[in-house]
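Q: Return atomic coordinates for the entry below.
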Amino acid sequence: MPRGVFSTVAHRIAALQGEVHPLHIGDTWLEPAAGCCNDDLDTRATPGLHRYAPPMGETDLLDAIVDRRGVARSRVIVTAGATGGLSAALGAVLAPGDEVLLLAPYWPLIRGIVQSQRGVPVDVPFFVGPDGGPGPLDGDDVEAVLDARRTERTVALYLNSPNNPTGRVLPAGVLDRIVAWARRHDLWLLSDEVYEDYVFAPGLRHESLADRAPERTFAAWSFSKAYGMAGNRVGYLVAPEEGELVQEVRKVAMHAYYAAPKGPQLTAARALRHGGEWLSGARDAYARAGAAAAARLGVPEAQGGTFLFLDASPVLDERGMQGLLERCIDRNLLVAPGASFGEDYAHFVRVCFTSAPPAQVARAVDVLAEILGR
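A: Predicted structure coming up:
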């Protein structure tokens, strides 16, 4: 499994003083909505707040999820973040040596999750080509690219839209082609939809695979990204309609972490039912921050999500990405190296434009623009 992406420079980061610009981490500067913070809970009003939660989820949260997604309650599993949900799904369907296609660049943890379940991750350049140009998402060769990486050991395909790190949103037509291809080859689909509420581009909207292919899709959502609750570790999974498989996922989840924390599940239920105004405000604020960062760096705006993905190859010297990371750290700036998003992207960096207040992000983006010569 891969090491932490900052393991080689951790000692330098620890020594930083003054304002540090954390553009490397996917988080938000916003606090959760009113009434949805941990300190809004009271043991007098909620007895047993610090006891175990039901392994598959608190009733209030399950009810809110069923209302939101319009699926059978038996298909819903409350998980320890989307991370826990995707891990449990892979644990249920993978045998040692089975391969999972990862549409790249991808959320960094998915590669290690596949490996932790004894699977083999297989990168498929898709959202961006290895040379920084268009991927098959922009052309007519979607099936050909997938076929080139599929083998007899392939059992599943993972995709993330809106995409971390590129900010791309998969249009309905591309999703339909992926679904048809997966059905033709009888593959599971893992759909990471944690940024569904953050689509900025006019004319685009999030399309859920859970609606398109319910018989083979594991769809994951998280309160970390949608509602500013990353530290609470609560998400949920909607499993395929086939009942026995859901039970296998529940087994893996229970033996991995037993249950998501009780208190955060209760605040998550409140957010899902009453956080619409907060969500709308966050979406507007994120769109402004993303547009400003893209303009300063001279790249297209993100269609959705909270990231920009930049080709840094023109400024890489003989030290490669290590040298660029050190140059950024010398200016109190942290960015995520591209190799963690796919083996073909070692010359890229990812920046999160929501990880600090907008004024601080603007200062950080100025520093990065200077380093990149933009």
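
Q: so what pLDDT did the residue of the chain most remote from its centre get?
A: The C-alpha centroid of the chain is most remote from Arg44, which lies 35.8 Å away (C-alpha atoms, centre = their mean). In this model, Arg44 is scored at 82, pLDDT.

Q: part of a strand, is it?
A: No: Arg44 sits outside any strand when classified using DSSP: H, G, I helix; E, B strand; the rest coil, being coil.

Q: Quickly note the distance from it to Ser191.
A: 41 Å (C-beta to C-beta, to the nearest Å). Placement of C-beta: from N, CA and C, glycine included.

Q: Okay, helices next: where are they in the stretch 151-300 of the chain?
A: 172-185, 209-212, 223-227, 243-257, 262-274, 276-297 (DSSP state H, counting those that start in this stretch).

Q: deepest of the ones you listed, which one?
A: Among those, helix 223-227 has the highest mean neighbour count (mean count of other C-beta atoms under 10 Å), at a mean of 25.

Q: among the helices and strands of the chain, which one scores worst on average pLDDT?
A: helix 10-14 (a mean of 78; mean pLDDT, DSSP states H and E).

Q: name the helices or strands packed onto that one?
A: In terms of contacts (3 or more C-beta pairs under 8 Å, 6 or more residues apart in numbering; DSSP states H and E), helix 10-14 is packed against helix 320-329.

Q: chain center to the next helix or strand after the helix it packs on, what's the gap?
A: Using DSSP states H and E, the helix or strand that follows helix 320-329 in sequence is strand 333-334. With C-alpha atoms, centre = their mean, to the nearest Å as the basis, strand 333-334 stands 21 Å off its chain's centre.

Q: again with stretch 284-298
A: Between the centre of stretch 284-298 and the centre of its host chain there is 19 Å, according to C-alpha atoms, centre = their mean.

Q: Contacts for it next, please.
A: Residues outside stretch 284-298 that contact it (C-beta atoms under 8 Å, 6 or more residues apart in numbering) are 30, 167, 198, 200, 300-302, 306, 308, 310, 351, 353-354, 358, 361-362, 365-366, 368-369, 372, 374.

Q: Show the average pLDDT along that stretch.
A: 97.
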